[in-house]
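Student: dropping a prediction and its sequence here:
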Amino acid sequence: MNLSAMIRPEVRDFEPYLPGKPIEEVRRELGLKKVVKLASNENALGTSSKARRAIAASAAESFRYPEGPGTLLKRDLAKKLGVSEGEIILGAGSDEIIEVLAKSFFNREDEIIVSRHAFIRYKMAADLMGAKTIEVPMKNFKHDLGSMAEKIGPRTKAIFVANPNNPTGTYVTKPEVAAFMKTYAERVGSSERPPFIVFDEAYYEFAKSLAGDYPEMLEYLKRGVNLVVLRTFSKAYGLAGLRVGYGVAKSEVIQVLDRVRPPFNVSSVAQAGARAALTDQTHVRKSVAEAAKGLKYLAVELKKLNIPFLPSAANFLLLDVSPRKGRDVFQALLKKGLVVRAMDEYGFPERVRVTVGTMPENKFLITRLKELLS
Ligand SMILES: Cc1ncc(COP(=O)(O)O)c(C=O)c1O
């Protein structure tokens, strides 16, 4: 069999996503008892007990297919967000919605606009469909929304903005977004094919608290902009393992996405967990406060160690470990029982990304870094 002659050309060159190394794998490979994982921007406080109880209670119904469209969860979200249920789509993580959007709308002749160093899944989605990715350099490690808007042309199908961005942690402000929207409107005019503006707000709950002048994107949706806002239960809601995210867009857009979405993409257990997590805003507030405390502590300690880092509006930090290679620092920390992320695929060979953990985990990180540098 000549598999390479059978494979779609888009898939032949496709680079798979590199996830953070799982704790169990590190334990097994290195024979370590204690392993701390600060590699995937998960919630330092874990899953809320309310969500855990709902997850356990839903287990007995696991023999049934889930309620396909996720009506109850969408109803809860609609109420919380002040939009209609028809303006919401659920995904197996917000990640799946990026892919469903690409499958539904991206053609080979299309272009998408992203920042250099942006979250990598947008380019991957475009690659999979054979669409072209235009990468715009960042300005001071932030999305340069002005230059991104200038790149909009007749082939542009979507502009992706992760706000805050992973892995830089930087964010764009309300006035920057307002200026971008003005240029977008000028360039797009009354086109019948206005490009999608996708704001990926995976770290929304953290940014709302940590970032001054954080934009309220749903306002633009109400004004009729062709916007898709992505959010997730994986971060501040502490449910990364269940895979639940959601997108908010015009109902006509949602109807198209829903046609392509796999029919039972969000499991019944995930739906139950997410509904319960939504009611536990105390856990969300505590999680955000824990990240804020950790960020403050790490800022002080990293300065003492002379390790530069970018200001972050989320629960992670991008550290500059130059002249060392990020890959080498990752390996050295791994041997000490600490999993972080090297950033080569993001164009940062001399940086590592670390998730803000609990205070003992943050202290573990600082101690291990100190050992490494001495
Ligand atoms: C910016 C950004 N968007 C989307 C995701 C995907 O999150 P999930 O698919 O778990 O909702 C992540 C995960 O790290 C992220 O950092």
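Tutor: Structure received.
Student: all contacts plus neighbour counts: C-alpha atoms, from now on.
Tutor: OK.
Student: how about the residue lying closest to residue 66 once chain neighbours are set aside, what does it touch?
Tutor: Of all residues not flanking residue 66 in the chain, residue 268 sits nearest, at 4.5 Å (C-alpha to C-alpha, 6 or more residues apart in numbering). Contact partners of residue 268, counting by C-alpha atoms under 8 Å, 6 or more residues apart in numbering, are 58, 61, 62, 65, 66, 67.
Student: next: residue 372.
Tutor: Residue 372 touches 332, 333, counting by C-alpha under 8 Å, 6+ apart.
Student: state the distance from residue 66 to residue 270.
Tutor: In this view, residue 66 and residue 270 are 9 Å apart by C-alpha to C-alpha, to the nearest Å.
Student: helices of the stretch 151-300 of the chain, residue ranges please.
Tutor: For the stretch 151-300 of the chain, the helices defined by DSSP state H, counting those that start in this stretch occupy 174-188, 204-210, 218-222, 251-260, 268-279, 281-304.
Student: can you add mean pLDDT and distance to residue 33 and give those helices back as TSV?
Tutor: Shown next, in TSV, are those (pLDDT from 0 to 100; distance: least, C-alpha to C-alpha, whole Å):
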stretch	mean pLDDT	distance to residue 33
helix 174-188	97	46
helix 204-210	98	31
helix 218-222	96	46
helix 251-260	98	44
helix 268-279	98	30
helix 281-304	98	24
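Student: how about the worst-scoring helix or strand of the chain on mean pLDDT: buried residues?
Tutor: Within the chain, no helix or strand scores below helix 23-30, which has a mean of 85 by mean pLDDT, DSSP states H and E. Neighbour-count burial for helix 23-30, counted by 16 or more other C-alpha atoms under 10 Å, picks out 23, 26, 27.
Student: out of the residues you listed, which is nearest to the ligand?
Tutor: Top of the list for closeness to the ligand, among these and by C-alpha to the nearest ligand atom, is residue 23 at 16.9 Å.
Student: show me the contacts for that closest one.
Tutor: 35, 36, 37, 339 are the contacts of residue 23 under C-alpha under 8 Å, 6+ apart.
Student: got it, and residue 162?
Tutor: Counted by C-alpha under 8 Å, 6+ apart, residue 162 has contacts 118, 119, 171, 199, 200, 201, 202.
Student: done for today, thanks.
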